[in-house]
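Novice: Structure for the following, please:
(chains A, B and C)
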Amino acid sequence: MAAAAGWYGRKRTRELALIVCFLAPSLAIFLLYRLIPLGWNVVLSFQSWSPMRPARWVGLEHYEEMFLWDEVFWQALWNTLVWIGAAPVAIALALGIALLVNSDLRGAPVYRTIVFLSYPLMTVAVGIIWRWMYDERGGFFNWVLRSAGLIDEPLGFLASFDMALPAVIVTDIWQVIGFYMIVLLTGLQSIPQHLYEAARIDGAPAWARFLRITLPMLRPSLFLCAVIGLLNSFTSFDLVYIMTNGGPGHATELLITYIYKAGFGQTRFDYAAAITVVQFALLLFLTVLANWAAGGNAGAVERD
Amino acid sequence: MRRHFPWARHAVLILVSAAMLLPFYWVLKTAITDENIYAYPPRLTPLDPHLFNFVDVWYLIPFPRYLLNSAIVSALAVAGNVVLNALAGYALTRHFPAKRLVLLLLLSCMLIPFQATIIPAYLISARLGVLNTHLGLALPLLSTIVCIFIYKAAFEAVPKSLIDAARIDGLSEWRIIATVLLPLSKPAIATNVILAFIWSWNSFMWPLIITRDAEMQTLPLGLARFLSYLEDTTGALYAFVVMVLLPGILVFLMAQKEFIRGLTSGATKG
Amino acid sequence: MTLPAWMRSRWVVVPGLIAVATVAWNVHVAANATGVIEGRVVDAQGRPVAGATVTLFNRSFITNDPRQRTLTDADGYFRFENNDSHAVQLEAERADRGRSERRTVRLWFRAQEHRLAAPLVLTAR
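Specialist: As a prediction, the model looks like this:
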């Protein structure tokens, strides 16, 4: 680079060197902890390797095992899809709240703060709080249901094969709904008011204004919410680990918790890498799909 | 239609708020309760409320140690973010060859969730010899792509004439950043500090993977460990939860505006 | 008197208050962490009991372990000097007068100086 820019003179070279110095630390971190790991995952997924043995190429062996023999993988994949499928519900709820908060309503900032408050909290702590809410003896839900006479025996929400996954998903929605709301609120506030006034003069009813103006104008925000929902299936590790650790059986196993267990529980780094590749491919595919559904103008994503 | 039913809307929002706040109340009342918390039916208000559960947490587990580890990691992450992102953000406001490549690289890195990289990230950290160290805990958190773009936007908003004037005065690039750009980009710095703090403070999976000794554990790990081996009947676990959440809530309430701006900066541009 | 703007910023005020409170608390702790626990033992009629054995239990995770013993003086007073726990239990006993209930004393910090407000009462059994 410096040679190509040589004839600009020394000043230009020094400037370039400076820019490289400024960029280098950040880029090094992203290379080390984002790009290289991504590639390494792919390489590792085609190898048989563990810390004590030399690597050996085994082609598609891990994928074969995963797709043909591993029932836990299919269960985890299905759970992950259910988890992602719950995101539109949460986004719809958040849109409702955002519409209510986005107005000249008195006290709107207070409501907004309360709804958003759960998002920046430590997920581990949120998991423990909700374990306690679901508890058989001291928990809130059992107390309400038993007091109302709906059930006679306490329900072990997190120990039940049918209810554990919905219970954890409810917790997840409780935590991220504020984030969806904030994103949608920002989107709502960027819609020019004169559009609504014009529609009102034309006599368009409220639902038509919502369908024809609000929803189309919210597209970028909705896309962003969808991507957050997709990434959420990756970032929900903390919640599942704390609340159920994938149990009972594998009823709440997500791909990401399975990756952790395969990699660090059974020291099968190669197999875990193969699952990671599958999950990442799934994520990429769904993101492209969401982008296509949103009309192709991708917003930027910023959750890590 | 919107303006006509303020009471109905207040009612709905109050219900929503109650649903959002209820878990906090439930855990708070448990944390200050003296009775056996597993007694049924649970009390709605604590009996003989007191704060001694918090004292128990401080002494019975190495809480000060966890707090120190968390504080060190967060401090490293915040410092790293503020400095490295500012430098990178400044570099991106200048023209240089391959700038488009760098931008493309950053944007694509944004789509890679950190959780998708844990296996190789662990192996890389092992080669770097930073397993089980504070630096290793903080290293992946030292720079954040969103924040680079927040800095870039803030720097680009500074009038070019100011920078040129400073350059004519013979200030070095470092001095220009420190004395001209940064003082004019305080909101960007605040956003950076807040995001870096919240993310590093809450981070769980990475510390879980790379720490081995109890000595190096951070607060979320301490919490998980406490949960796994202490099923006691006092509210100590929930007192621990409250103690861990408080700093985050405090920082969030202090800097709600900056935090939200950071999270939605992608949404408005998209 | 008006403070300069940077001193009124919440980023200075809140951490500042926290720092002040931390220092104040630590000074208070340092001044009161003598490890002394004092009290008195009486019998059911309220008369002081001399020569009763008082046991100090320390709270560990879920158990309470006996750590120190001492005898009451002629007026029924006792004094422990090296308590290093934050949650202790006290129990008094004299073979011919019976035993007291075990009293839990929770302290705000380790080795806090503490004087029992009500005496331990021995009851025959």
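Novice: what stretches of chain C score poorly on pLDDT?
Specialist: Residues of chain C meeting the criterion pLDDT under 70: C:1, C:61, C:125.
Novice: Name the residues of chain C found near chain B, please.
Specialist: C:10-11, C:14, C:59-62, C:85-87, C:106-110 (CB under 8 Å from any CB of the partner chain). Just so you know, the C-beta spots here come from the backbone N, C-alpha and C atoms, and that holds for glycine as well.
Novice: what's the closest of those residues to A:Phe264?
Specialist: C:Phe61 (27.5 Å; CB to CB).
Novice: nearest residue to B:Ile72 other than its sequence neighbours?
Specialist: Nearest residue to B:Ile72 in three dimensions, chain neighbours excluded: B:His134, at 5.0 Å (CB to CB, 6 or more residues apart in numbering or on different chains).
Novice: now B:Ile176
Specialist: Leaving out its chain neighbours, B:Ile176 is closest to B:Ala166 (CB to CB, 6+ apart), at 5.0 Å.
Novice: confidence score at the one you found?
Specialist: For B:Ala166, the pLDDT comes out at 85.
Novice: right, and it touches B:Ile177 too?
Specialist: No: contact criterion CB atoms under 8 Å: B:Ala166 and B:Ile177 do not qualify, at 10.0 Å.
Novice: Any stretches of chain B with poor pLDDT?
Specialist: Using pLDDT under 70, chain B drops low at B:1-5, B:230-233, B:266-270.
Novice: Find the centremost residue of it, please.
Specialist: Centre of chain B computed as the mean C-alpha position; nearest residue by CA atoms, centre = their mean is B:Ile198, 1.2 Å away.
Novice: now chain A
Specialist: A:Asn232 (1.3 Å).
Novice: Next, work out how far apart that residue and chain B are.
Specialist: 9 Å (CB to the nearest CB, to the nearest Å).
Novice: any idea how far that residue lies from chain C?
Specialist: For A:Asn232, the distance to chain C equals 31 Å [CB to the nearest CB].
Novice: give me every residue that touches the nearest residue to that residue once chain neighbours are set aside.
Specialist: Spatially, and ignoring its direct neighbours in sequence, A:Asn232 is nearest to A:Val176 (6.2 Å; CB to CB, 6+ apart). For A:Val176, the contacting residues are A:Ala90, A:Tyr119, A:Ile228, A:Gly229, A:Asn232, by CB atoms under 8 Å, 6 or more residues apart in numbering or on different chains.
Novice: does the last one sit in a helix or strand, and which one?
Specialist: The one in question is A:Asn232. helix A:219-235 (DSSP states H and E).
Novice: Just list what that helix packs against, helices and strands only.
Specialist: With contacts defined as 3 or more CB pairs under 8 Å, 6 or more residues apart in numbering or on different chains; DSSP states H and E, helix A:219-235 has these neighbours: helix A:71-85, helix A:87-101, helix A:164-189, helix A:255-260, helix A:269-293, helix B:256-269.
Novice: which outside residues touch the last one?
Specialist: Outside helix B:256-269, the residues within contact range by CB under 8 Å, 6+ apart are A:113, A:116, A:120, A:179, A:182-183, A:186-187, A:190, A:220-221, A:224, A:299-303, B:146-147, B:149-150, B:153, B:187, B:190-195, B:198, B:252.
Novice: one step back: go ahead and confirm the residue nearest to the centre of chain A touches A:Trp83.
Specialist: Yes: when contacts are counted by CB under 8 Å, A:Asn232 is listed as touching A:Trp83 (7.5 Å).
Novice: Now the common contact residues for the two.
Specialist: A:Asp172.
Novice: Look up how far B:Phe226 lies from the residue in chain C positioned nearest to chain A.
Specialist: Using CB to the nearest CB, the closest approach of chain C to chain A is made by C:Arg10 at 15.6 Å. For C:Arg10, the distance to B:Phe226 equals 32 Å [CB to CB, to the nearest Å].
Novice: More neighbours: those two, which one.
Specialist: It is B:Phe226, of C:Arg10 and B:Phe226, that has more neighbours when counted by other CB atoms under 10 Å in any protein chain shown, with 20 against 11.
Novice: Hmm, that one is touching B:Phe63, no?
Specialist: No: under the criterion of CB under 8 Å, B:Phe226 is not in contact with B:Phe63, lying 9.4 Å apart.
Novice: Looking at the contacts of A:Val176, spot the one nearest chain B.
Specialist: A:Tyr119 (8.5 Å).
Novice: Would you mind listing what in chain C touches chain A?
Specialist: Checking chain C against chain A by CB under 8 Å from any CB, there are no hits.
Novice: Run through the strands of chain C in chain order.
Specialist: For chain C, the strands defined by DSSP state E cover C:37-42, C:53-59, C:64-71, C:77-80, C:87-94, C:98-99, C:103-106, C:114-115, C:120-121.
Novice: Next, the angle from the second one to strand C:37-42.
Specialist: Spelled out, that is strand C:53-59. 140 degrees (axes from the mean of the first three to the mean of the last three CA atoms, to 10 degrees).
Novice: tell me which strands and helices strand C:53-59 is in contact with?
Specialist: So strand C:53-59, by 3+ CB pairs under 8 Å, 6+ apart, packs with strand C:37-42, strand C:64-71, strand C:77-80, strand C:87-94.
Novice: mind putting the ones you listed in a markdown table, mean neighbour count and distance to A:Ala293 included?
Specialist: What follows is the helices and strands packed on strand C:53-59, written out as a markdown table (neighbours: other CB atoms under 10 Å in any protein chain shown; distance: least, CB to CB, whole Å):
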| stretch | mean neighbour count | distance to A:Ala293 |
| --- | --- | --- |
| strand C:37-42 | 22 | 70 |
| strand C:64-71 | 14 | 63 |
| strand C:77-80 | 18 | 72 |
| strand C:87-94 | 20 | 59 |
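Novice: And the ones you listed: which comes nearest A:Arg56?
Specialist: Using CB to CB, the helices and strands packed on strand C:53-59 put strand C:64-71 closest to A:Arg56, at 55.4 Å.
Novice: Name the residues that touch that closest one?
Specialist: C:51-58, C:78-80, C:82-83, C:85, C:89.
Novice: hang on, the earlier thing: now, which of the contacts of A:Val176 sits nearest chain C?
Specialist: A:Tyr119 (21.0 Å).
Novice: Next one: the residue nearest to the closest one when sequence neighbours are not counted from B:Phe114, what distance?
Specialist: Leaving aside its chain neighbours, A:Tyr119 sits nearest to A:Gly178 (4.2 Å; criterion: CB to CB, 6+ apart). As judged by CB to CB, A:Gly178 and B:Phe114 stand 21 Å apart.
Novice: These two: who's more crowded?
Specialist: Between A:Gly178 and B:Phe114, A:Gly178 has the larger neighbour count (other CB under 10 Å), namely 23 against 20.
Novice: Tell me, what's the model's pLDDT at A:Leu38?
Specialist: 90.
Novice: And the residues of chain C next to chain B, which of them are buried?
Specialist: C:Arg59, C:Ser85, C:His86, C:Ala87, C:Arg106, C:Leu107, C:Phe109, C:Arg110 (16 or more other CB atoms under 10 Å in any protein chain shown).
Novice: residue contacts, the residue nearest to B:Ile176?
Specialist: B:Ala166 touches B:Arg175, B:Ile176, B:Thr179, B:Val180, counting by CB under 8 Å, 6+ apart.
Novice: got those as CSV, with neighbour count and secondary structure columns?
Specialist: Shown next, in CSV, are the contacts of B:Ala166 (neighbours: other CB atoms under 10 Å in any protein chain shown; DSSP: H, G, I helix; E, B strand; the rest coil):
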residue, neighbour count, secondary structure
B:Arg175, 13, helix
B:Ile176, 18, helix
B:Thr179, 11, helix
B:Val180, 19, helix
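Novice: neighbours around B:Leu263, how many?
Specialist: Neighbours of B:Leu263 using other CB under 10 Å come to 25.
Novice: With C:Thr53 instead?
Specialist: 16.
Novice: Would you enumerate the residues in contact with it?
Specialist: Neighbours of C:Thr53 in contact, by CB under 8 Å, 6+ apart: C:Arg69, C:Thr70, C:Leu71, C:Ala92, C:Glu93, C:Arg94.
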